[in-house]
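K.L.:
Got a predicted structure plus its sequence, pasted below:
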Amino acid sequence: MSHRFEPGEAVWVELCTPDPERVETFYRSLLGWTIRAERLGATTYRMCGVDGRDVAGISDAAALHGDRPRGWITYFAVDDITRSTRQAVALGGELVTPPRYLPAAGTGAAVVDPFGAAFGLYQGESRAGVQALNSVGALCWNELDTGEPAASVAYYRSLFGYTTRQRGDSPTTRPYTLLMLGDVPVAGVLELDNDWPNPIPSKWITYFAVASLDDAVARVAALGGQPTVGPVDSPHGRLHLVKDPGGHTLCLIQLEDGLRPDHDSLDPAVNR
C-alpha cells in the first residue's frame with residue numbers, strides 16, 4: 001500500500017444511521033453512488049463508490065458506535081490507533097467504539113469530543129481511506145461546527161498537532177478557523193452561536209461535491225430529504241446544507257476549485 005494520508009488528515013467518512021436501507025436509496029439517487037455490502041462481524045457495512053472508487057461507508061447504528069445514530073462521522077488518519085485513542089480520551093473525549101480491526105482495511109475507533117462531536121480514528125493498512133477527493137459524488141471537505149471554537153480547536157490541536165489559520169473570506173459572518181498540517185488546510189472550524197439556554201452540540205459536517213447545486217437540492221426534497229441552510233456563496237463554490245431522510249446533516253457544494261489538495265495516487269488498485 002502506498003501511504004498517501006498524513007496523520008491528522010480526514011481519511012474516511014461514514015454515515016451511522018438506524019435505517020441504512022432507507023438512506024442507501026437516497027444517496028444512490030442523489031450522489032450517483034454504487035453500494036456493495038461487506039460483512040463486519042454480525043452486521044453489514046455498506047461501501048459506497050463512484051466509478052469504482054470507494055468514497056464513503058454506511059453503518060448500522062444498532063450494531064456500531066454505541067447504538068446511537070451518530071450521523072456523518074469524519075475519520076482522521078493516525079499512525080498508532082491505540083496511542084491516539086488513549087490520548088483522545090485523556091484530553092476529555094469519550095470512547096464509544098474501541099479500536100476494531102476491519103478486514104481488508106485497517107483498524108478504526110470512534111470518539112465523542114468534549115463538546116459532543118463524534119469523530120473517528122483510522123489506522124489504514126490494506127485500505128488507506130477514500131479513493132477520490134473533490135470529484136462529483138466524493139468527499140471534498142470536513143468542517144466542525146461548534147459553539148466552543150477555542151476549546152474545540154485546542155482539543156484537536158493537542159490530538160493531531162495542527163497549526164491554525166483564520167480565514168477572512170468565510171461565507172458566513174461567523175469566525176472560521178482552518179486546521180493545518182504544515183501549509184496544507186485539512187479541515188475547518190465554524191463558530192456557532194451557543195448562547196445559553198440553548199447550547200448547540202458540536203458536529204462534524206461532511207461536504208460532498210455535486211455537478212449542479214440547484215439540481216442536487218431539488219433532488220434532496222424529491223427524495224425525502226430537507227434543504228436547510230443555503231444556498232451560500234463561498235470562495236470555492238455555492239453550497240447548501242441539507243438533511244437526508246434520516247435527519248442527518250451534510251453539505252453539498254458545486255466546486256469551483258478543490259477544497260482539499262488531491263493526492264498523487266487515487267488508483268483503487270493501490271488501496272486493495
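P.N.:
Received the coordinates, thanks.
K.L.:
G124: how many residues sit nearby?
P.N.:
If you count neighbours by other Cβ atoms under 10 Å, G124 ends up with 24. In this view, the C-beta of every residue, glycine as well, is placed from N, C-alpha and C.
K.L.:
ok, the nearest residue to it once chain neighbours are set aside to E256 distance?
P.N.:
Computed as Cβ to Cβ, 6 or more residues apart in numbering, the closest residue to G124 that is not its neighbour in sequence is G106, at 4.2 Å. Noted for G106: a distance of 33 Å to E256, by Cβ to Cβ, to the nearest Å.
K.L.:
More neighbours: those two, which one.
P.N.:
Comparing G106 with E256 by other Cβ under 10 Å, the one with more neighbours is G106, at 22 against 11.
K.L.:
Tell me the predicted confidence for the more buried one.
P.N.:
We have a pLDDT of 87 for G106.
K.L.:
is it in a bridge, and if so with what?
P.N.:
Beta bridges link G106 to L102, G124, judged by DSSP bridges.
K.L.:
got the contact list for it?
P.N.:
Counting by Cβ atoms under 8 Å, 6 or more residues apart in numbering, G106 touches Y122, Q123, G124, E125, S126, R127.
K.L.:
Against V232, how distant is it?
P.N.:
For G106, the distance to V232 equals 35 Å [Cβ to Cβ].
K.L.:
Ranking by neighbours, what's the top pick from the contacts of G106?
P.N.:
Counting by other Cβ under 10 Å, Y122 has the largest number of neighbours within the contacts of G106, with 28 neighbours.
K.L.:
excluding its backbone neighbours, what's nearest that one?
P.N.:
Leaving out its chain neighbours, the residue that sits closest to Y122 by Cβ to Cβ, 6+ apart is Y75, at 4.3 Å.
K.L.:
That neighbour touches G108, doesn't it?
P.N.:
Yes - Y75 lies in contact with G108 (Cβ atoms under 8 Å); the separation is 6.5 Å.
K.L.:
shared neighbours of those two, anything?
P.N.:
Common contact partners of Y75 and G108 (Cβ under 8 Å, 6+ apart): W12, G120, L121, Y122.
K.L.:
isn't the third one right next to A88, touching?
P.N.:
So the one you mean is L121. Yes - taking Cβ under 8 Å as the definition, L121 is a contact partner of A88 at 6.8 Å.
K.L.:
Any idea what the residue nearest to Y122 is bridged to?
P.N.:
With DSSP bridges applied, Y75 shows beta-bridge pairing to W12, G120.
K.L.:
Contact partners for it?
P.N.:
Applying Cβ under 8 Å, 6+ apart, the residues contacting Y75 are A10, V11, W12, V13, E14, G108, F119, G120, L121, Y122, G129.
K.L.:
between the residues you listed, which is closest to G32?
P.N.:
Of all the contacts of Y75, V13 has the smallest distance to G32: 16.2 Å, by Cβ to Cβ.
K.L.:
Now do the closest one, the pLDDT please.
P.N.:
As predicted, V13 sits at a pLDDT of 96.
K.L.:
and the end-to-end length of stretch 7-26?
P.N.:
End-to-end span of stretch 7-26 (Cα to Cα, to the nearest Å): 32 Å.
K.L.:
now it, how far from the chain's geometric center?
P.N.:
Distance, stretch centre to chain centre, for stretch 7-26: 8 Å (Cα atoms, centre = their mean, to the nearest Å).
K.L.:
mind listing what's buried in that stretch?
P.N.:
By neighbour count on 16 or more other Cβ atoms under 10 Å, the buried set for stretch 7-26 is 7-17, 20, 23-24, 26.
K.L.:
Do I have it right that A37 meets T43?
P.N.:
No - the pair A37 / T43 is not scored as a contact, 10.2 Å apart, by Cβ under 8 Å.
K.L.:
so what's T249 closest to, chain neighbours aside?
P.N.:
The shortest distance from T249 to any non-neighbouring residue, by Cβ to Cβ, 6+ apart, is to K243 (5.5 Å).
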